[in-house]
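Trainee: Mind looking at a prediction? Sequence and model below.
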Amino acid sequence: MSEQTPSIDYENLPNPSEGFLVTHFITVRSVARSRAFYSDVLGGQVVLEENPCMVKLANSWLIMNPGGGPTPDKPDISVVNYEPGNTVSSFLNLRVADIQECYARWSGKGAEFVTPPIDRGAEIRCYMRDPDGYMIEVGQSTGLLEGRLAKKRPEDLPG
């Protein structure tokens, strides 16, 4: 029994001809489930189905694989699954042209948002979670385009 060669979209691999580009790696519990979310719900293009899964999402790429133990290039480091909850230290940020349209379309495809879009002055934004619980901010610049910044929180003010 021979191993089947995976289908690879060579033209869309994140492979710069010079300099570098940014991709984002997330540890996922189910590659198939995450691949479906990022391609079917958010409209990403599957570049490589797995090992690792690569999805071109607009002008960036998400790379997804299950966690695992140390490897020769990271000998004392394990990659572990994200534990969903109400604290996060990092999240994906998607900037969109029309947040209401994205909210309606992605909700209709099964995306679960924390709240509907909220106008924050500088931007309109909302958050959703992917199948593993990762937070994704969806935002549309509005007031920022006219020089209006978000209001500072009381805890950010001096004194």
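Mentor: That came in fine, so what should we check first?
Trainee: where exactly do the helices run in the chain?
Mentor: Applying DSSP state H to the chain gives helices spanning 31-36, 99-108.
Trainee: Just send the ones you listed back as JSON lines, with distance to residue 16, mean neighbour count and mean pLDDT too.
Mentor: Any C-beta I mention is one placed from the backbone N, CA and C, and that applies to glycine too. Formatted as JSON lines, the helices of the chain follow (distance: least, CB to CB, whole Å; neighbours: other CB atoms under 10 Å; pLDDT from 0 to 100):
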{"stretch": "helix 31-36", "distance to residue 16": "23", "mean neighbour count": "17", "mean pLDDT": "97"}
{"stretch": "helix 99-108", "distance to residue 16": "28", "mean neighbour count": "16", "mean pLDDT": "97"}
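Trainee: between those helices, which gets nearest to residue 53?
Mentor: Of all these, helix 31-36 sits nearest to residue 53, with 4.9 Å by CB to CB.
Trainee: mind checking which of the helices of the chain is nearest residue 64?
Mentor: helix 31-36 (5.1 Å).
Trainee: How far off centre is that closest one?
Mentor: What separates the centre of helix 31-36 from the centre of its chain is 13 Å, taken as CA atoms, centre = their mean, to the nearest Å.
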